[in-house]
Structures are given as structure tokens and as C-alpha cells.
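K.L.:
sequence first, predicted model second:
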Amino acid sequence: MKKPKVLHNFYKSPAWLSARELKIVTVNGLCERCGQIGIEVHHKERLTVDNFLDSSVSLNQDNLELLCKECHNREHERFSKEVRFDKDGNLINSEKPK
């Protein structure tokens, strides 16, 4: 799914680039989950067209997490082929709501 233009533009903004760099420097460039080299700054509370102007969500260091590509993909369940079942044996849809 393509990112909305306003979010795409946000990720190019000087405010975001500064917040991103601060997060990277603060955690010494390491993934906060596995300790590998971190390359992607993740919003713990997902950034949306409704909240990206709220700096307590979009720029707040407490809402940001530096992740390696693998941990970031795992967080968003990208490229996952894992099949899971509930206690009754029903298939669990692994897609997170968008």
C-alpha cells in the first residue's frame, strides 16, 4: 500500500530528519531489539494522516525506536509466512489493521 503524500513529505522534513538522527545517536546506532546495526526509525504509535502533525506522536523520542531492517519487518509482519492458530485450531489472520 502506498504511503499518503502528506506522510511521504513528513519523512523528508527537517523536523523528522533531526528527530531521526537524534534517535540514532542516542542509541549508538544499534537496533533496540537485537543489538545489530539499526537503520530504520520506527514509530511505536503508528504515524497516520490524522496524527502526524501531533509532535508528541511524530517527533517524540519516546515514541521512536531504532530497528534493524529484520526487526522492523518483523514488527510490521512483512514477508511473514508463519501460519498461526488459536486455541480452537482456527487460522489467525496475521495482518495488522492499517
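P.N.:
In hand now; what should we look at?

K.L.:
what residues of the strand or helix carrying R74 count as buried?
P.N.:
R74 belongs to helix 69-75 when assigned by DSSP states H and E. For helix 69-75, a neighbour-count test (16 or more other CB atoms under 10 Å) marks C71, H72, R74 as buried. C-beta coordinates here come from the backbone N, C-alpha and C atoms, glycine included.

K.L.:
same deal with stretch 31-41?
P.N.:
Of the residues in stretch 31-41, those buried (16+ other CB under 10 Å) are C31, R33, G38, E40, V41.

K.L.:
which residues are contacting the helix or strand hosting S18?
P.N.:
If you go by DSSP H and E, S18 is part of helix 14-26. With contacts defined as CB atoms under 8 Å, 6 or more residues apart in numbering, helix 14-26 is touched by F10, G38, V41, S55, S58, L59, Q61, L64, E65, L66.

K.L.:
just give me the neighbour total for the first one.
P.N.:
What it means is F10. A total of 18 residues lie near F10 under the criterion other CB atoms under 10 Å.

K.L.:
surely it touches F52?
P.N.:
Yes: shown here, F10 and F52 form a contact pair, counting by CB atoms under 8 Å, at 5.1 Å.

K.L.:
what residues are shared contacts of these two?
P.N.:
S58.

K.L.:
for stretch 50-67, buried residues please.
P.N.:
F52, V57, S58, L59, N63, L64, E65, L66, L67.

K.L.:
G89: which of those residues is nearest?
P.N.:
L67 (32.8 Å; CB to CB).

K.L.:
what sits against that closest one?
P.N.:
Applying CB under 8 Å, 6+ apart, the residues contacting L67 are C31, E32, R33, G38, I39, E40, V41, H42, E75.
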